[in-house]
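Visitor: sequence and computational prediction follow.
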Amino acid sequence: MSTRIAFLKGHGTENDFVIVPDPENAIDLPPAAVAALCDRRAGIGGDGLLHVVRSAAHPEALPMAAEAEWFMDYRNGDGSIAEMCGNGVRVFARYLQHAGHVSAGDIAVATRGGVKTVHIAKTVSDSGSAAGDITVGMGKALLPEGDVTVSVGERGWPARNVNMGNPHAVAFVDDLAHAGDLRTPPPFSPAAAYPDGVNVEFVVDRGPRHVALRVHERGAGETRSCGTGACAVAVATARRDGADPGVTGTPATYTVDVPGGTLVITERPDGEIEMTGPAVIVAEGVIESEWLENALR
């Protein structure tokens, strides 16, 4: 391990990430190291970690290298591996722009959930740094059949099973407070519906085509935002509202409020989903290898 490892910190609607640039996939990041870096008291702090690797240098991404130069090797805050992270993709793209690897416009990013198309708006802040929203093509939602329920304490709700490259259970509630503290995973049934765990969204209506959510992210606990979760919520809400674009032939756009801000989700008649929202680089620095070695003992 090198003596000093570069890192950055970024967030998308306050879903925050430690960013570790490693183009040649030379840095060993075992789960314990990721968890130490994401620790909010003893580490840098983050809901997850974005390991930035060239697709050609990572065995999981090599088949996608012809389509996307860069691979988002995403890890949850507990060190576990995740298939996708919608807010993470936007922050990943912002980092690539910040580092000069890409320019504003359309780029492709490889993820464990497939290659995602990202559009970086051509906007610059007053300070001269990159700004503006980033739009991610999130692919199509899968809607597995079968009844699912989630519960908090004595309350239980039916939930819509939506897969956005990672699994979600979307429950409509009367009050977001009914979700409880969300530090621990809300129980769900049947267990076979989500053998590897699930992200759980609790949703309330705010107005026409406008909802708000709270989320427990698998491997991270309650987070301030979840991009794939916002997409899953928009899809579930459209189906509830009878606004399935595949049936109506008309795109369905929902404003989704998360604790950390607002995302805009559009599902097109062909099933493709686009998510638009902010992405910010907050800081950059170095990780001392001595601290990391001590943290892993």
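Guide: Received the coordinates, thanks.

Visitor: which one is the residue nearest the centre of the chain nearest to, not counting chain neighbours?
Guide: In the chain, the centroid-proximal residue (CA atoms, centre = their mean) is C85; its distance is 2.4 Å. Excluding its sequence neighbours, the residue lying closest to C85 (CB to CB, 6 or more residues apart in numbering) is Y74, at 5.0 Å. Bear in mind the C-beta positions are built from the backbone N, C-alpha and C, glycine included.

Visitor: so what pLDDT did the one you found get?
Guide: The model reports Y74 with a pLDDT of 97.

Visitor: one more: V124?
Guide: pLDDT, V124: 60.

Visitor: picking that back up, any idea how far the residue nearest to the centre of the chain lies from A33?
Guide: Distance of C85 to A33, given as CB to CB, to the nearest Å: 18 Å.

Visitor: low-confidence stretches in this protein?
Guide: 1-3, 124-131 (pLDDT under 70).

Visitor: correct me if wrong: A230 contacts I265.
Guide: Yes: A230 lies in contact with I265 (CB atoms under 8 Å); the separation is 5.7 Å.

Visitor: intersection of neighbour lists for those two?
Guide: Both A230 and I265 are in contact with V256, M275, where contact means CB atoms under 8 Å, 6 or more residues apart in numbering.

Visitor: for these two, indicate the residue with more neighbours.
Guide: A230 (33 against 27; other CB atoms under 10 Å).

Visitor: surely that one is in a helix?
Guide: Yes: under DSSP: H, G, I helix; E, B strand; the rest coil, A230 falls within a helix.

Visitor: so who does it touch?
Guide: By CB under 8 Å, 6+ apart, the residues touching A230 are G86, L213, V256, V258, L263, I265, M275.

Visitor: go again using 10 Å as the cut-off
Guide: 13, 86-87, 138, 164, 168, 201, 203, 211, 213, 215, 254-258, 262-265, 273, 275, 277 (CB atoms under 10 Å, 6 or more residues apart in numbering).

Visitor: from those residues, which would you call buried?
Guide: 13, 86-87, 138, 164, 168, 201, 203, 211, 213, 215, 254-258, 262-265, 273, 275, 277 (16 or more other CB atoms under 10 Å).

Visitor: now intersect those with the helices, please.
Guide: Of those, the ones assigned to helices by DSSP state H are G86, N87.

Visitor: for P208, grab the count of nearby residues.
Guide: P208 has 8 nearby residues by other CB under 10 Å.

Visitor: is it true that it touches A252?
Guide: No: between P208 and A252 there is no contact under CB atoms under 10 Å: 11.7 Å.

Visitor: so what sits against both of these two?
Guide: D241.

Visitor: can you map out the helices along the stretch 151-297 of the chain?
Guide: Under the criterion DSSP state H, counting those that start in this stretch, the stretch 151-297 of the chain contains helices at 227-240, 245-248, 289-295.

Visitor: which of those is buried the deepest?
Guide: By mean neighbour count, with neighbours taken as mean count of other CB atoms under 10 Å, helix 227-240 ranks first of the helices of the stretch 151-297 of the chain at a mean of 27.

Visitor: could you dump that one to PDB, C-alpha only?
Guide: Taking Å, rounded to 0.1, in the frame of the first residue of the first chain, the C-alpha atoms of helix 227-240 are listed here in PDB:
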ATOM      1  CA  GLY A 227     -30.800   7.500  -6.300                       C
ATOM      2  CA  THR A 228     -31.800   4.000  -7.300                       C
ATOM      3  CA  GLY A 229     -34.400   4.300  -4.500                       C
ATOM      4  CA  ALA A 230     -35.900   7.500  -5.900                       C
ATOM      5  CA  CYS A 231     -36.200   5.700  -9.300                       C
ATOM      6  CA  ALA A 232     -37.800   2.700  -7.700                       C
ATOM      7  CA  VAL A 233     -40.300   5.000  -5.900                       C
ATOM      8  CA  ALA A 234     -41.100   6.900  -9.100                       C
ATOM      9  CA  VAL A 235     -41.800   3.600 -11.000                       C
ATOM     10  CA  ALA A 236     -43.900   2.200  -8.100                       C
ATOM     11  CA  THR A 237     -45.900   5.500  -7.800                       C
ATOM     12  CA  ALA A 238     -46.500   5.600 -11.600                       C
ATOM     13  CA  ARG A 239     -47.900   2.100 -11.500                       C
ATOM     14  CA  ARG A 240     -50.100   3.000  -8.500                       C
END
